[in-house]
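>>> Here is a sequence together with a model predicted from it:
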Amino acid sequence: MIDKYREDLAQALDIVWSGATIAIGGFGSSGRPDALLNALSDLDKRDLHLYVNNVGHDFTGVGRLVVEGRVRRVTASFPILQEFYRMYFDGRVELELIPQGTLAERMRAGGAGIPAFFTPSGAGTMLSDGSFPLAYDEGEAARHVPRKESRDFDGRPHVLEHGIRADFSLVKAQKGDRKGNLRFHRSARNFNPLAAMCGRTSFAEIEQLVDVDALDPDDIHVPGVLIDHVAMTAAPVPAAVQEGVS
Amino acid sequence: MIDKYREDLAQALDIVWSGATIAIGGFGSSGRPDALLNALSDLDKRDLHLYVNNVGHDFTGVGRLVVEGRVRRVTASFPILQEFYRMYFDGRVELELIPQGTLAERMRAGGAGIPAFFTPSGAGTMLSDGSFPLAYDEGEAARHVPRKESRDFDGRPHVLEHGIRADFSLVKAQKGDRKGNLRFHRSARNFNPLAAMCGRTSFAEIEQLVDVDALDPDDIHVPGVLIDHVAMTAAPVPAAVQEGVS
Amino acid sequence: MTIAESTPPRLAGRTREEIAARVARDLPDGVTVNLGVGIPLLVPQAIPEGVEVFLQSENGVLGMGPAPDDGGDPDLTDAGKQPITLIPGAAIVDSATSFAIIRGGHLDVTILGALQVSESADLANWYVPGRHPAVGGAMDLVAGTPEVWVCMEHVDREGRPKIVDACTFPLTGHGVVTRVYTDLAVFHVEDGALVLVECAPGATARDVRERTTAAYSERLR
Amino acid sequence: MTIAESTPPRLAGRTREEIAARVARDLPDGVTVNLGVGIPLLVPQAIPEGVEVFLQSENGVLGMGPAPDDGGDPDLTDAGKQPITLIPGAAIVDSATSFAIIRGGHLDVTILGALQVSESADLANWYVPGRHPAVGGAMDLVAGTPEVWVCMEHVDREGRPKIVDACTFPLTGHGVVTRVYTDLAVFHVEDGALVLVECAPGATARDVRERTTAAYSERLR
């Protein structure tokens, strides 16, 4: 019997090891799996490499993992959090900055058995020529994102980008069933299907658990074969409560 | 005002030139755009290069184009039609045989601005080593599908495959609206979204024209931005009638 | 020496249904499986009660059920273009996503027929030179799926071994096979080499050896 | 020579709203457009009656409408994470499909701000060294969209030209810009070179020349 629903989110997620690579859905806070991300903090996971589009304004989710010093590297297109940049320039977290479309396509490719592909995005820029600082040390760029292989197609330069195969993926959906089938609502879909594709073990938090025959097979955004564990989204916790008495 | 609905299918399709490359949806007869394919025959288009998974058992659609001698080359994974093979061995049509997943991924890639990608499928086989006959002449293999570039990733051989960018694409959907948004029913979806992606100009035949706000934005399988012309599916014409008096 | 003289006599080993049932016994509960044509299509009927095997069809169906009682939905077929049904929890995807799932290793087992399997686990199952070449999804399935189980007759119609030192038919994939189930035996692939782990009822290890040109080791249970 | 001495005085050319309106006038009916932050976000309000411009947002929205009157749907935002609405005929896709559409050239026009545009149509718009690096979808948009229209002030806050012989800021893309709309002028790119096609009301060709370090030709209408 295939039943991927987990009552105890923390127990299920505890298989994540410190040092793991983790692909994460969401665009800003839209569709971001905060219950799973917060559980990683609560479970004291460390030394993580996150593949995620944004490091958001707030200190929940990805931001919380970062400010708690649990993140070794972020592969992203648009970090925003001031505190993240302070840690980056201080040499306490690495940043692999890549174009947003490259991040999405690398996630999909890795999950699709495509180890590498050529894209025009970023060709001939400092995101592909080996000059972007991956890590700082004492205020100086200490290491750089490696130069990317380049090749012309139809007379235009393209760079070789590699598929992302993460140890784990964390996604958030509106609806899900016990077979792991998922549906998203509006633009909260974003990176979630790609993150689901590229994790060797994938966790989905859902707002609503539906019966196994409730979703029309034509209307499923992520088929259950890509999902290993389904749990409920936690109710949002105001930041004040987290930092306060409780 | 964006209105992609065309009353006169033949008029719309007449922009296809003889010699064009055409990507086609469908898996066997399931989801195959027969109204569009038959119109190409009726319009006397010739010298076509078709990207399509199957050349089916019957003489409608792709099969009709082939047996009428309108096809220069077929890029496919699973031709079946006996007559097709007779023409192939006779040197009257070329066959670029590729794995099914490679065909789907090449269509998607070409439409996604990815000129090439590496895949393990077919590595070290006669479909990638330059020995598969592309064309016969007087019973002998006259030309071969070129040897594919090979590279190891994670210690396993992969081959470089190129994105397909076709001049036109032909797809069939169950429902569509005047903005070109499409929905498919069950496994008739198959190659249709990929074909839609990779044609510079794309035609969709639909069973049912729906109001522009009838499809939920979350439930659209192909967004209208990928479709240029929408027309109704012709009622199926029995083969006997086609070959008979009318 | 003619073929008739050189080939050992045919043995009454497992029937096609029995091969399928033997394979079915090895499928763990909850596994996701792709089935090729031939003997593999007999596997679903042999799944033991209480075991859920989730069936995928390469044309974009996840959660395939049995053939319909009536004519079925013309828009719902398997990879052999035959009408099928869906089970609760089924999902439909496009062909690129279907093969992303296949190539990306998201299926657990692919069960398929073969022309030949070599001693280094190479598979040939798509093309008999001189006939009509067509490949479908076979090369993607064997490239992507972690477990590739072959179901076939141990020897061909002329009595020639199909488990060979090196494939003479064009390959589907190199070193991809992980198990072989025949009417006479079960082989596992360990460290890239064949190991005979079981002889079928009515077949001895010597019978298998006489009908196999591949090198292999034995670890019979 | 200080900056104050070397830069010509500021001119009262087009306002930001007028730049947006000027761009809007060039958008044909039925075109699909991506809008960057800044002046481009003022374009939709300036679309003439009877012209349909279909707006895409890189986070997977095709058919974006105006901001909602109420708080809106928290699951429906634009690329700037602001609440939006959908128009009839809108569709939602995932991020890989959204960028497949972008990179594959399925949008018609991308309208974006810039730090600098060079005389060979290079664009720099993502990063000021020393500040916080973040790129988003800019490099994909300029790599994939056939028409890349830049909307910006003609000079920076210190009065320094932004249309330059060579970009000093890190590039977003090489030779990707097809038009530039500023408070003072409109340039088209033809055969990879800038052509001044229009001076804004209140600006002369000489004014533009004095505030531009890029080489360009003139074909004023």
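Alright, I've got the coordinates.

>>> Give me the distance between the two termini of stretch C:158-166.
Length of stretch C:158-166, first residue to last, CA to CA, to the nearest Å: 18 Å.

>>> is chain B contacted by it?
No - using CB under 8 Å from any CB of the partner chain, stretch C:158-166 stays clear of chain B, with a minimum separation of 13.4 Å. Just so you know, the C-beta spots here come from the backbone N, C-alpha and C atoms, and that holds for glycine as well.

>>> distance between that stretch and the chain's centre?
On the basis of CA atoms, centre = their mean, to the nearest Å, stretch C:158-166 sits 16 Å off its chain's mean C-alpha point.

>>> Now that stretch: buried residues?
By neighbour count on 16 or more other CB atoms under 10 Å in any protein chain shown, the buried set for stretch C:158-166 is C:P161, C:K162, C:I163, C:V164.

>>> so can I have JSON lines of those showing distance to B:V145?
Below are the buried residues of stretch C:158-166 laid out as JSON lines (distance: CB to CB, whole Å):
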{"residue": "C:P161", "distance to B:V145": "31"}
{"residue": "C:K162", "distance to B:V145": "28"}
{"residue": "C:I163", "distance to B:V145": "30"}
{"residue": "C:V164", "distance to B:V145": "27"}
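
>>> ok, those vs B:L81, which is closest?
C:K162 (29.1 Å; CB to CB).

>>> thinking again about what came up before, and the furthest pair within the buried residues of stretch C:158-166?
The span of those, defined through CB to CB, is set by C:K162 and C:V164 at 6.8 Å.

>>> Check the contact lists of these two and give me the overlap.
Both C:K162 and C:V164 are in contact with C:Q116, C:V117, where contact means CB atoms under 8 Å, 6 or more residues apart in numbering or on different chains.

>>> what residue ranges in chain A score low on pLDDT?
For chain A, the stretches with pLDDT under 70 are A:235-246.

>>> what's around the one residue in it that gets nearest to chain D, how many residues?
Using CB to the nearest CB, the closest approach of chain A to chain D is made by A:G101 at 3.0 Å. Around A:G101 there are 33 other residues, counting by other CB atoms under 10 Å in any protein chain shown.

>>> for A:R64, same thing?
A:R64, neighbours per other CB under 10 Å, totals 20.

>>> just C:T15 next, same as before
12.

>>> Was I right to think it contacts C:T182?
No - C:T15 is not in contact with C:T182 according to CB atoms under 8 Å; the separation is 11.7 Å.

>>> secondary structure class for the residue of chain A closest to chain D?
helix (DSSP: H, G, I helix; E, B strand; the rest coil).

>>> so it makes contact with D:V135?
No - counting by CB under 8 Å, A:G101 does not reach D:V135; the two are 10.3 Å apart.

>>> Would you quantify the distance from C:G137 to C:R103?
According to CB to CB, to the nearest Å, C:G137 and C:R103 sit 10 Å apart.

>>> joint contacts of the two?
B:G101.

>>> in chain A, which spans are helices?
Along chain A, counting by DSSP state H, helices occupy A:9-13, A:34-42, A:62-67, A:82-89, A:100-111, A:192-198, A:239-243.

>>> which parts of chain A sit against chain B?
Counting by CB under 8 Å from any CB, the residues of chain A near chain B are A:105, A:109, A:112-120, A:153-154, A:158, A:183-186, A:189, A:217-219, A:221.

>>> how does it look with 10 Å?
Residues of chain A lying close to chain B by CB under 10 Å from any CB of the partner chain are A:101, A:105, A:108-109, A:112-121, A:151-154, A:156, A:158, A:160-163, A:165, A:174, A:183-189, A:216-219, A:221.

>>> Can you flag the buried ones in these?
Among these, those classed as buried by 16+ other CB under 10 Å are A:101, A:105, A:108-109, A:112-121, A:158, A:160-163, A:165, A:174, A:183-189, A:217-219, A:221.
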